[in-house]
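**Student:** Build the 3D model from these lines:
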Amino acid sequence: MINRFYLENYLSFEQIELEFQKGLVVFTGPSGAGKSVLMSSILALFGPTDSKATMSEVLLEDLKIEDEGYGIENDDDIIIKQNTSTKTRYFLNNQIISKKNLKEFTRTFSKHLHLKDTSDFDSDKIISFLDFLTSLNDSSYKAILNGFQTKYEEFHTLQKKFSKIQNDEKELDNLIEYTKFEIEKIVKLDPKEDEYDELKYIKDNLSKKDKVDEVLSEIQPYLNNTHKISSALHLIDVDSSFFDEAINEVNNIFEKFYDNLASNDDMDIEQILTRIEELSSLNKKFGGVKEALEYKKEKELELEGYENISFEKAILEKNIKKLALELDTLAKTVSTKRKENLPLLESKINGYLKFLYLENLQINMDKKSLDASGIDSIEFTLNNTKLEKISSGEFNRLRLALLTARSHYEIDTNGILFLDEIDANLSGKESASIAQVLNKLSQNYQIFAISHQPQLSATAHQHFLVKKENNVSTVKPLNKEERINEIARMISGENITTEALEFSKQLLQ
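**Tutor:** Predicted coordinates:
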């Protein structure tokens, strides 16, 4: 549950700090006071909406959540903070968190019910809950469902392989021709791993020969008379061995250079240059000779696969047919067990609908093409009318009944529920019915709602008044006497009547 909420500088709100209790929390006040702004600023800390507040923060407790990634243990309080000092940033227990990850984290314990969202009735979502409900009532169902899902994954993988083979078959001749061409290019070149470096070395030496010849012809007279330098060193009593060794080393270097050139005399320089160019092109395309040879090996395996494609296709087709039969049996078993538990869900929702002055909800299960969820499709009708044709008030109450029915099975910790315009445009009787259901729902959820009707406001466990003076909005928790006056205002308007005060007292009793 939310224990504390802090807000600073958001539209007409300058600074507020609120402490919340468990149960149903209601905000009331005149139009334009800032109720929706307040609700959206709280919601922004859970991810669904944006907030431009300078800073906002909630303290959450008793959620019984464990999350190793954020270092959260079962009994830890959780602080979610948002600020816009430079840009909008979110923090989870002082760790920066993206809005997307924040929304994913809070999704497990919070829910926002708003008029534009119809996803609660999506077939796949209802099927998923029906699976959960069936597994609660049938200990064997989870294993059956897991078996179906595993088989379907295998079936889907084989189908994708089969589809690829069919597509490959259409272009098979072109694929074989192209693959052979790619292999032949490398085979024809027949590259060796160190060949490029060796040829580059030979080319560099050959390009240096003329320059080396020219320099050696100039220094040859000096090399021929080095013995005179040795004699001069002896005359002055200096050991000339260091000089002699150096001269011998120089001569050896030049001899080695010319020996290497002599060993390549029979090589055609034009052929060397052409070969270097071919290998350089190979390096640019593949990154090196080693990579080119690996590519050739891959293409050879591809070619082998293309040549065996008919055989592989036949095997795949056989396995797919076998899996399809197994899946058909499993899907029918899953469907049968779902149908057995469907009346339980329908009855539970209809039970709450009676409190909401609605009746005759039907949940129809139709057959569809096999997919990951099975062969079942769900559709809701209310008095034989499809959901898209019922009124917004009916839809809102129906969704509330669905949520309450689901919470009976799903929520065993302090979930948080935000309601959007839940009792707008309803009669007093309908508003009272919603209040009754929300009172039941508040056993599992801490519920935040903006109320337009006295019946829901009177049911609240905590009642806040939002008002605006001099363009500044404030929020105040109401005591019993203040609640009587506020509910009376909702009944009769700004000029509160004695009858409104009496009715307000009756509602609170």
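**Student:** For the stretch 251-400 of the chain, which segments are assigned as helices?
**Tutor:** With DSSP state H, counting those that start in this stretch as the criterion, the stretch 251-400 of the chain has helices at 269-286, 289-307, 309-355, 392-410.
**Student:** And the second one, how far out from the chain middle?
**Tutor:** Between the centre of helix 289-307 and the centre of its chain there are 36 Å (CA atoms, centre = their mean, to the nearest Å).
**Student:** wouldn't Lys313 be in contact with Ser163 here?
**Tutor:** No. Counting by CB atoms under 8 Å, Lys313 does not reach Ser163; the two are 10.9 Å apart. Where C-beta positions appear, they are placed from N, C-alpha and C, glycine not excepted.
**Student:** neighbour-wise, which of these two wins?
**Tutor:** Lys313 (16 against 11; other CB atoms under 10 Å).
**Student:** List the contacts of the residue nearest to the more buried one when sequence neighbours are not counted.
**Tutor:** Distances taken as CB to CB, 6 or more residues apart in numbering put Ile165 closest to Lys313, at 5.0 Å, once the chain neighbours are dropped. Ile165 is in contact with Ile309, Glu312, Lys313, Leu316, counting by CB atoms under 8 Å, 6 or more residues apart in numbering.
**Student:** so where is the stretch 401-509 of the chain shaky, pLDDT-wise?
**Tutor:** 411-414 (pLDDT under 70).
**Student:** sorry, that was for the chain
**Tutor:** 115-117, 202, 204-210, 212-213, 257-269, 307, 411-414.
**Student:** follow-up on the earlier one: what helix or strand is the residue nearest to Lys313 on?
**Tutor:** helix 141-170 (DSSP states H and E).
**Student:** Buried residues, that helix. List them.
**Tutor:** Buried residues in helix 141-170, counted by 16 or more other CB atoms under 10 Å: Tyr141, Ile144, Leu145, Phe148, Gln149, Lys151, Tyr152, Phe155, Leu158, Phe162, Ile165, Asp168.
**Student:** Please export the C-alpha coordinates of the helix or strand just after that helix as CSV.
**Tutor:** Next along the chain after helix 141-170, taking DSSP H and E as the criterion, comes helix 172-189. Coordinates of each C-alpha in helix 172-189 appear next as CSV, following Å, rounded to 0.1, in the frame of the first residue of the first chain:
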residue,chain,number,x,y,z
LEU,A,172,16.3,-23.5,-55.1
ASP,A,173,18.0,-23.5,-58.6
ASN,A,174,19.1,-19.9,-58.0
LEU,A,175,20.3,-20.6,-54.5
ILE,A,176,22.3,-23.7,-55.7
GLU,A,177,23.8,-21.7,-58.6
TYR,A,178,24.8,-18.8,-56.4
THR,A,179,26.2,-21.0,-53.6
LYS,A,180,28.3,-22.9,-56.1
PHE,A,181,29.6,-19.7,-57.6
GLU,A,182,30.6,-18.4,-54.2
ILE,A,183,32.5,-21.6,-53.4
GLU,A,184,34.1,-21.8,-56.8
LYS,A,185,35.5,-18.2,-56.5
ILE,A,186,37.4,-19.2,-53.3
VAL,A,187,38.4,-22.7,-54.7
LYS,A,188,39.8,-21.1,-57.8
LEU,A,189,41.8,-18.6,-55.9
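**Student:** So which residues make contact with helix 172-189?
**Tutor:** Under CB under 8 Å, 6+ apart, the answer for helix 172-189 is 168, 278-279, 282, 292-293, 295-296, 299-300, 302-303, 306-307, 309.
**Student:** same check, this time on stretch 328-335
**Tutor:** By CB under 8 Å, 6+ apart, the list of residues contacting stretch 328-335 reads Ile144, Leu145, Gly147, Phe148, Lys151, Met365, Lys367, Leu370, Gly374, Ile375, Asp376.
**Student:** ok now it, how far from the chain's centre?
**Tutor:** Using CA atoms, centre = their mean, the offset of stretch 328-335 from its chain centre is 31 Å.
**Student:** which outside residues touch the longest strand anywhere in the chain?
**Tutor:** Scanning the chain for the longest strand, with DSSP state E as the assignment, gives strand 361-371. Residues outside strand 361-371 that contact it (CB under 8 Å, 6+ apart) are 126, 152, 327-328, 331, 335, 338-339, 342, 345-346, 349-350, 353, 375-382, 384, 398, 401.
**Student:** Equivalent analysis for stretch 274-289, please.
**Tutor:** By CB under 8 Å, 6+ apart, stretch 274-289 touches Ile186, Leu189, Pro191, Lys192, Glu193, Glu195, Tyr196, Leu199, Lys200, Lys203, Ala292, Tyr295.
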